[in-house]
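Student: just to be clear, the model below is a prediction. Sequence and coordinates:
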Number of protein chains: 2
Amino acid sequence: MSSTPIGIGLLGYGTVGSAVDRLLTARQADVERVVGAPVEVRRALVRNVNAPRSVEPRPGLLTDDFSAIRDDPSIAVVAEVMGGVSPTREWMLELFAAGKSVVTANKQLLARHGAELFAAAEANGVQLRFEASVCAAIPVVKVLRESMIASEVNAVLGIVNGTTNFMLTKMADGADYATVLAEAQRLGYAEADPTEDVTGGDAAAKVAILASIAFHTQVTIDDVPHEGIDTLDSVDVAFANDLGYSVKLIGQARRVEAGVVVGVAPTLVPHAHPLSGVNGSFNAVMLRGDAIREVTLVGPGAGGDETASAVIGDLMGVLGTSGTGFPRTAGVFRDLPLVPADDVESALYIRLDVKDEPGVLARIAAILADEAVSIDSVVQRASEGRAQLVIVTHTAPEGAARRAISSIEATGVCASRPVTLRVLAAS
Amino acid sequence: MSSTPIGIGLLGYGTVGSAVDRLLTARQADVERVVGAPVEVRRALVRNVNAPRSVEPRPGLLTDDFSAIRDDPSIAVVAEVMGGVSPTREWMLELFAAGKSVVTANKQLLARHGAELFAAAEANGVQLRFEASVCAAIPVVKVLRESMIASEVNAVLGIVNGTTNFMLTKMADGADYATVLAEAQRLGYAEADPTEDVTGGDAAAKVAILASIAFHTQVTIDDVPHEGIDTLDSVDVAFANDLGYSVKLIGQARRVEAGVVVGVAPTLVPHAHPLSGVNGSFNAVMLRGDAIREVTLVGPGAGGDETASAVIGDLMGVLGTSGTGFPRTAGVFRDLPLVPADDVESALYIRLDVKDEPGVLARIAAILADEAVSIDSVVQRASEGRAQLVIVTHTAPEGAARRAISSIEATGVCASRPVTLRVLAAS
C-alpha cells in the first residue's frame, strides 16, 4: 500500500459536497483499505470562500479559483456536485483534458450533453461516472452498466422523482394538488420553484440517462416526452383508486421492435403491481429482461447523505479501476430510432364529462371501435344531467386513441376537455 | 481492441453452465464491445462427456479432465457452476495457483471455506467473484461490495430463499405445510430432498456471505443459527395474519454495539413492511445504513438464466478490471464478535395452548414481567375448556424470554410445547 494520499477535488461544497467530505473523513480507515492508499478531499470550489457555513471547513479547503483544482497534480479525481449546465460543462471538459476523472450528480448536464462529455472522457483516457445523477443512493446506474452488462434489458420503468411521489401519496388520501404542493414545500420535499419536479422535467432527465445506458443508444432529455402531475385532478386519482389503481408518475424506457419508447407521465398502476406500493418520497426502478426477469431497486431517491453515498461509491470505483477503462465510459454503440408518439402502444384511462342521455355511451363506444381501440372496462357516475364516463382501454396505438378522442370531442357531447392518463399492465 | 479471443472455462455444464455458454454466444458482439476483445467459452468440465444433453454442445467443448482447463493458457477466467464442496474447493485452489480468476455460484463452498479461498486468490493476484452465490440475478453482492463500499451498512435483512417463500405464500392462503411442499416439488420449486431449503440451511449460507461482505468480518455458515419452516404450523400463519403480519423466512445480519447478530428464522413481518408483499418465489434484500437509509433489491432468487446472468456480470467484471485488485477480493479486515444468542434483542410471538380458567393469563403475565419482557398485544381464542393464548412482546433479550417461557411451562398450564416466532419491527 502506498502512503501518499490520493487527492480528491470537489466542485461545490453545499449539502452534497460537504457530506462527501464528512463521510469520507469518517470512514477514512476503511476507504484506505479499499483503495490501497489514503484518500483526502484536498480542495473544494465555492463561489464565496467567506460565506457563513453550518460547519466550518478546515483551513485551506475552500477555493473560489477553478484552476486551483484543475491544475493541482495531486488531485486524481473530481466530484462535480455544484449542478447547472454552464460553466459546469466547460469545467468538466477542462478537467478531462487535464487527465482527471470526474464523478457527477448532475442529471441535467448528462441528459443534455452526455454524448460530448463521454466522448471527451474517453478521448482523454479518464472516467466519467454518474451514479448520483439518478435516484441518489439507489445503485441503478452501476447495476445496469456492470451487473447487467451482457443481459438483454428490454424495459426500465419506475418512480424516479421523490417529490411528486410524496405528493401523489398524499393525493391518494384525498388531498388536492395545491394543498399537497404547499405541504411538500413546507417539509422541504419541493423547492420554492417546483417546476422541474412537477412538470416531469427532472424525471425526463433521469429517463434519458437510464435509456442510454440500458439500450446503449444516445437518448437526450429532448427525446423524452414528459407530462407532470401539475395538471392532475384529484378526481382522477379517486376514480383510479376505485378501479383498482394507484396514480404514479412513471418514467419508462422500453426496447421494442421498432426502436425505443421513452416517456414520463402520470400513470395508473394496478394495486397488485410492485410499484403501486412505493409511497412517500421513495423511488423505485424496475429492470426487465429475458434472463433477469424482473429486478426492482427501491430506496431514497434524494437527500444529501444519500447522494453523497453514491458519489463516494463512484469515487472508489474510479480509484479502484483506474487504467482499465471499465466500465466503458459511454457504452453507447447503437443508434436506435425513437418510436413516433402515435405508434407507441399504451392502455389508456379516458375520463369524459358527458351529457347523461341515452345513446351517448353507444356513440362513444362506436367511435373507439372505428379506431380499433377496444375497451377493457367502463365506469359511469351520473349527477344533475351530466355523467363522468371513465373508460379503460386495452393496449392500442396512442395515435388511434387520440384520433378517437378528437372525434368524440367533435360530436359535442363533452362539457370539458377529456382527461387521458396511461395505464400500466399488471405485470 | 485485440482480436485474440479471451478464453473462459466452465466447471459444470448443467442448467447454469449451458445458459452461461448460450447467453455469452447470443450477446457476442456486445460482450466484445464491453471487454475490448472477443470472449469465448473454450472448455467445459463434465463428469460424462457422452451423456445425453438437451442441446448438443459444439465439438471439443466438453472435457472430463480438469487439467485441460487448469493448464490451458488461453483460459483467463473460470466459472464454477458445478456446486458441491469437494473436489470443488481443491480445484478452485489449483486454478488460483495457475493464475486464473474464478467466478462462482457456490454458496455452500463460500460460506464454509470463504476465508481460505479469498486468501488464496489474493495471494495469487487473481479475483474470486461470487454474485451468483446469493439470490441469482439480484445484484446484492456487487451493490454491497462496490456501491456501498464507504457507506456504513448496519443491517442486511431479507427473503433469500425462493422455495420457502413460495411455500409461505401458499400457506398464507390457508394450505398446510405438507400440501404446499408437495405442490412446490411438483412445480420444480423444491427438490426431491427439500432439506436444505426448508430447514433454513440454504438461507444461512447466504446470510454468512452477506454478513461477511457487509461488515468486513468473517462469518461462516456454522455461525448462523437457523430455523426453517419445516416445523411451522399453519395455525400460526393464520394467527399472524389476524394480528397484521405475514410470516416470512427472514435471514438477517445486524451490526450492533456488541458485535454482529446473524440468523435465519420464520418471522412475523408487519403487513406495512416492504418485505411483507414479496410473494411467490421472489427474493428481496434490504440494506440499511445511516447514509443510504434503506435500499431494497427485489427479484428472482433462482433459475438457470437468472443465475447465468449473474455469473456473466462477474465474468465481465473480472475481465474488465483485471490487474486492479478492485474490489479487494475478501474485504475482510475486522474481527467482530458474534452476539451470544441470549443477548440478541427480539420482539417475539409466543403461542401458548393453555387451560381456559381464571388466573392463567395473570400468572403468565407475571412471569413475563419478572423477566422484564413487556407485552405489546395479546389475543386469546377459547374452545372446549382450553385456549390459544397468543402474546406479542416488545423487544427483549431472547435469553430472558426463553427463561420466562420455561417458567410458564413449569407451571403446568400448557397442554403442548409453546410456539415462539420472531417479530420484525415495522421499520
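Tutor: Yep, it's here.
Student: gap between stretch A:48-64 and the chain center?
Tutor: Here stretch A:48-64 shows a centroid-to-chain-centroid distance of 32 Å under the convention C-alpha atoms, centre = their mean, to the nearest Å.
Student: end-to-end on it?
Tutor: Across stretch A:48-64, the terminal residues are separated by 6 Å (C-alpha to C-alpha, to the nearest Å).
Student: residue ranges with poor pLDDT in chain A?
Tutor: A:1-2, A:323, A:325, A:328, A:427 (pLDDT under 70).
Student: how about the helices of it, start to end?
Tutor: Secondary structure of chain A (DSSP state H): helices located at A:15-26, A:28-35, A:67-70, A:88-97, A:107-123, A:140-142, A:162-172, A:177-186, A:195-198, A:201-215, A:234-242, A:304-321, A:360-370, A:398-410.
Student: so which of these comes closest to chain B?
Tutor: In terms of C-beta to the nearest C-beta, the element of the helices of chain A nearest to chain B is helix A:304-321, at 3.0 Å. Just so you know, the C-beta spots here come from the backbone N, C-alpha and C atoms, and that holds for glycine as well.
Student: got the angle for the closest one vs helix A:28-35?
Tutor: With axes from the mean of the first three to the mean of the last three C-alpha atoms, to 10 degrees defining the directions, helix A:304-321 sits at 40 degrees from helix A:28-35.
Student: what about helix A:304-321, near chain B?
Tutor: Yes. Remark: helix A:304-321 sits within contact range of chain B at A:Asp305, A:Glu306, A:Ala308, A:Ser309, A:Ala310, A:Ile312, A:Gly313, A:Met316, A:Gly317, A:Gly320, A:Thr321, by C-beta under 8 Å from any C-beta of the partner chain.
Student: up against chain B, what does the stretch 151-300 of chain A have?
Tutor: Within reach of chain B by C-beta under 8 Å from any C-beta, the stretch 151-300 of chain A has these residues: A:151-152, A:216, A:274, A:277, A:289-300.
Student: give me that answer again for 10 Å
Tutor: Within the stretch 151-300 of chain A, the positions adjacent to chain B are A:151-152, A:216, A:272, A:274, A:276-279, A:282, A:284, A:286-287, A:289-300 by C-beta under 10 Å from any C-beta of the partner chain.
Student: tell me, how many residues neighbour A:Asn50?
Tutor: Neighbours of A:Asn50 under the rule other C-beta atoms under 10 Å in any protein chain shown: 8.
Student: any idea how chain A splits into domains?
Tutor: Here the domain parsing of chain A from automatic domain parsing is A:6-136+A:305-321, A:140-300, A:343-423.
Student: indicate which one of those domains is closest to B:Gly385.
Tutor: The closest of those to B:Gly385 is domain A:140-300. By C-beta to C-beta, the value is 43.1 Å.
Student: distance from that closest one to the middle of the chain?
Tutor: 7 Å.
Student: doesn't A:Leu368 make contact with A:Ser374?
Tutor: Yes. Using C-beta atoms under 10 Å, A:Ser374 makes contact with A:Leu368 at a distance of 7.5 Å.
Student: of those two, who's got more company?
Tutor: Taking neighbours as other C-beta under 10 Å, A:Ser374 and A:Leu368 compare with A:Leu368 leading, 22 against 12.
Student: next one: the closest residue to the more buried one other than its chain neighbours from A:Glu371, what distance?
Tutor: Closest residue to A:Leu368 apart from its sequence neighbours, by C-beta to C-beta, 6 or more residues apart in numbering or on different chains: A:Ala404 at 5.0 Å. A:Ala404 sits 4 Å away from A:Glu371, going by C-beta to C-beta, to the nearest Å.
Student: what's the distance between the residue lying farthest from the centre of chain A and chain B?
Tutor: Relative to the centre of chain A, the most outlying C-alpha is that of A:Pro358, 45.4 Å out, by C-alpha atoms, centre = their mean. A:Pro358 is 44 Å from chain B, where distance means C-beta to the nearest C-beta, to the nearest Å.
Student: wait, the residue nearest to A:Leu368 sits on A:Arg363?
Tutor: No. When contacts are counted by C-beta under 10 Å, A:Ala404 is not listed as touching A:Arg363 (11.5 Å).
Student: looking at these two, which is more packed in?
Tutor: Looking at A:Ala404 and A:Arg363 with other C-beta under 10 Å, you find the greater number of neighbours at A:Ala404, namely 24 against 14.
Student: circling back to that earlier point, need the overlap of contacts for A:Ser374 and A:Leu368.
Tutor: Here A:Ser374 and A:Leu368 have A:Thr393, A:Ala396 as joint contacts, going by C-beta atoms under 10 Å, 6 or more residues apart in numbering or on different chains.
Student: out of the residues of the stretch 151-300 of chain A next to chain B, which end up buried?
Tutor: For those, a burial check counting by 16 or more other C-beta atoms under 10 Å in any protein chain shown picks out A:151-152, A:216, A:274, A:276-279, A:282, A:284, A:286-287, A:289, A:291-300.
Student: among those residues, which are located in strands?
Tutor: Within those, residues falling in strands by DSSP state E are A:282, A:284, A:286-287, A:289, A:293-300.
Student: and which of those residues is nearest to A:Arg53?
Tutor: For these, the nearest to A:Arg53 is A:Pro300 (24.2 Å; C-beta to C-beta).
Student: pretty sure the closest one sits against A:Tyr189.
Tutor: No. In this structure A:Pro300 lies outside contact range of A:Tyr189 using C-beta under 10 Å: 11.6 Å.
Student: which ones are touching the closest residue in space to A:Glu146 that isn't next to it in sequence?
Tutor: Nearest residue to A:Glu146 in three dimensions, chain neighbours excluded: A:Pro327, at 5.6 Å (C-beta to C-beta, 6+ apart). Contacts for A:Pro327 (C-beta under 10 Å, 6+ apart) come out as A:127, A:129, A:141-142, A:144-146, A:149, A:213, A:317, A:321, B:34, B:316-317, B:320-321.
Student: A:Asp236: neighbour count?
Tutor: A:Asp236 is flanked by 20 other residues according to other C-beta under 10 Å.
Student: list the residues that contact it.
Tutor: Going by C-beta under 10 Å, 6+ apart, A:Asp236 touches A:Met171, A:Val247, A:Pro266, A:Leu268, A:Tyr349, A:Arg351, A:Gln388, A:Val390, A:Val419, A:Thr420, A:Leu421.
Student: look up how far chain B lies from the closest residue to A:Ala115 other than its chain neighbours.
Tutor: Once flanking residues are discounted, A:Ala115 sits nearest to A:Gln218: 5.2 Å by C-beta to C-beta, 6+ apart. Applying C-beta to the nearest C-beta, the value for A:Gln218 to chain B is 15 Å.
Student: can you tell me how far the nearest residue to A:Gly259 once chain neighbours are set aside is from chain B?
Tutor: Distance criterion C-beta to C-beta, 6+ apart; nearest residue to A:Gly259, sequence neighbours excluded, is A:Pro337 at 3.8 Å. According to C-beta to the nearest C-beta, A:Pro337 and chain B sit 19 Å apart.
Student: please verify my assumption that A:Ala211 contacts A:Gln252.
Tutor: Yes. A:Ala211 is within contact range of A:Gln252, at 8.9 Å (criterion: C-beta under 10 Å).
Student: and for these two, which residues touch both?
Tutor: Both A:Ala211 and A:Gln252 are contacted by A:Val156, A:Val224, A:Val261, A:Val262, under the criterion C-beta under 10 Å, 6+ apart.
Student: which pair of those spans the longest distance?
Tutor: Across those, the longest distance by C-beta to C-beta is 12.3 Å; it joins A:Val156 and A:Val224.
Student: quick check: neighbours shared by the two?
Tutor: Contacts common to A:Val156 and A:Val224, judged by C-beta under 10 Å, 6+ apart, are A:Lys206, A:Val207, A:Ala211, A:Gly251, A:Gln252, A:Ala253, A:Val262.
Student: these into TSV, with extra columns for neighbour count?
Tutor: TSV is the format used below for those (neighbours: other C-beta atoms under 10 Å in any protein chain shown):
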residue	neighbour count
A:Lys206	28
A:Val207	31
A:Ala211	28
A:Gly251	31
A:Gln252	23
A:Ala253	27
A:Val262	26
